[in-house]
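Trainee: test case, fold it:
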Amino acid sequence: MVTVRHPAAPRRALLAAVALATGAVVSAPALLPGTPEPQASAATSAAQPTAVTSTIPLAFGAYSQGMDRDPRVLDRTASAVGRPMAIASVFRGRGDDPYWPYPSDRAMGATRTLLVAWSLEDYGSFAYWSSGRGDAVLRAKARTLRAYGRPVVLRPWAEMNADWVAHQPTTGAAKSRGGTPAQFKAAWRRAVTIFRQERATNVRWAFNPTTDTYAGTTDVRTIYPGNDVVDILGLDGYNWGTTQARNLGWRSFDDVYAAQYQRLVALAPRKPVWICEISSADPASAGVSSVAVSAPRGQSKAAWWLDAFARMRTGYRNVQAVVIFDVDKERNWRVTSSSGATAGLRSAVATPILKPRQP
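Mentor: The predicted model follows:
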């Protein structure tokens, strides 16, 4: 059970001056991994099987520490993992909106899909958006991204179900940047509608809660905006490791992901699922947090990665992409947190993981 988490802070206007980095870029498909056409899912449903005509490899991506300033960092992540990074994950908010896509976004997105955690809560509550007060912001960004032309997946109000965020939809007292489930759905639908009016056809929408389902979080079934305005189902989930903090412990991939994955797939059996943020604490490396982490006997970050991708290889059939949170922050989430962790991850994905594609 996660009680404290916040995505990496958005890069603000200073990045507008960052020069376009040079260097090799890992080649990746131009189309969105797992979503070849609008309104057509690349995932198949475990609950409602359909005919499978082909398979596609599981796509990989990352948000790697430092890549906003030097896009070549993402190439180094690909080299460490041993897989191309088809998705570049970034965090953007109100201070970024006049400027992004930044030069670094354009460099990383030249051969990749941009996955953008868009913090619309920076502007105000759900009512701010559903009432139309934010329409100018939405139209401006829709026009900018339409002109950008490359594939973009937006995950607005990311981790909205979590009880630690100010934009959590609630039925009781409203949070400062939130509102009711109905207001959240109305805000979401208005945002998507405006982008469609502006013909930003290169943009897709990811409904992206955390994997948490404990009391105090918001049930995703009460806030899902609808299949007609969602293209991708996203999930953020971490193994925080065993510490002295309450409610935290070493949790397997299934422990973290299974319950919420099943809820989402039941809502939209034919939608692709992207794991938008994932990593594990490393008992071998506390990192900047200095939090000592332990694991059960026989467990390690390497073993965690091996188990996670083994589970995705034989199950979680709708998962089409995995995006690693490659940052030393609350824990040492880095791909290279220790040599053992890197070797375990690299071994886990050494053989392509093939996922079913629907006709």
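
Trainee: helix, strand or coil for the spatially most central residue of the chain?
Mentor: Taking C-alpha atoms, centre = their mean, the centroid of the chain lies closest to Cys276, which sits 2.0 Å from it. Secondary structure, DSSP: H, G, I helix; E, B strand; the rest coil: Cys276 is strand.

Trainee: the nearest residue in space to it that is not next to it in sequence: what's it in contact with?
Mentor: Here the nearest residue to Cys276 in space, its sequence neighbours aside, is Gly234; by C-beta to C-beta, 6 or more residues apart in numbering that works out to 4.2 Å. No exception for glycine: its C-beta is placed from N, CA and C like everyone else's. Taking C-beta atoms under 8 Å, 6 or more residues apart in numbering as the contact definition, Gly234 lies against 155, 158, 206-209, 273-276.

Trainee: count of neighbours near Arg270?
Mentor: The local packing of Arg270 (other C-beta atoms under 10 Å) involves 16 other residues.

Trainee: just to revisit the earlier point, ok, the residue nearest to the centre of the chain touching Val323?
Mentor: Yes - in this structure Cys276 lies within contact range of Val323 using C-beta atoms under 8 Å: 5.2 Å.

Trainee: list residues touching both of the two?
Mentor: With the criterion set as C-beta under 8 Å, 6+ apart, the overlap between the contacts of Cys276 and Val323 is 89, 115.

Trainee: which residues are in contact with the residue nearest to the centre of the chain?
Mentor: 89, 115, 117, 155, 158, 206, 208, 234-236, 323.

Trainee: please name every helix or strand in contact with the helix or strand containing Ser79.
Mentor: Taking DSSP states H and E as the definition, one finds Ser79 inside helix 72-81. Helix 72-81 makes packing contacts with strand 59-64, strand 319-326, helix 339-348 when contacts are defined by 3 or more C-beta pairs under 8 Å, 6 or more residues apart in numbering; DSSP states H and E.

Trainee: buried residues in that helix, which are they?
Mentor: Buried positions in helix 72-81, judged by neighbour count with 16 or more other C-beta atoms under 10 Å: 72-78, 80-81.

Trainee: can you check stretch 228-246 too?
Mentor: Counting neighbours by 16+ other C-beta under 10 Å, the buried set in stretch 228-246 is 229-243.

Trainee: where does pLDDT dip in the stretch 51-200 of the chain?
Mentor: Segments of the stretch 51-200 of the chain classed as low confidence (criterion: pLDDT under 70) are 51-53.

Trainee: can you map out the helices along it?
Mentor: Chain-ordered helices for the stretch 51-200 of the chain, with DSSP state H, counting those that start in this stretch as the definition, fall at 72-81, 103-109, 126-130, 135-148, 181-197.

Trainee: next one: the residue nearest to Leu354 when sequence neighbours are not counted from Arg317, what distance?
Mentor: Nearest residue to Leu354, sequence neighbours excluded (C-beta to C-beta, 6+ apart): Thr55, at 4.1 Å. Remark: distance between Thr55 and Arg317 (C-beta to C-beta, to the nearest Å) = 11 Å.
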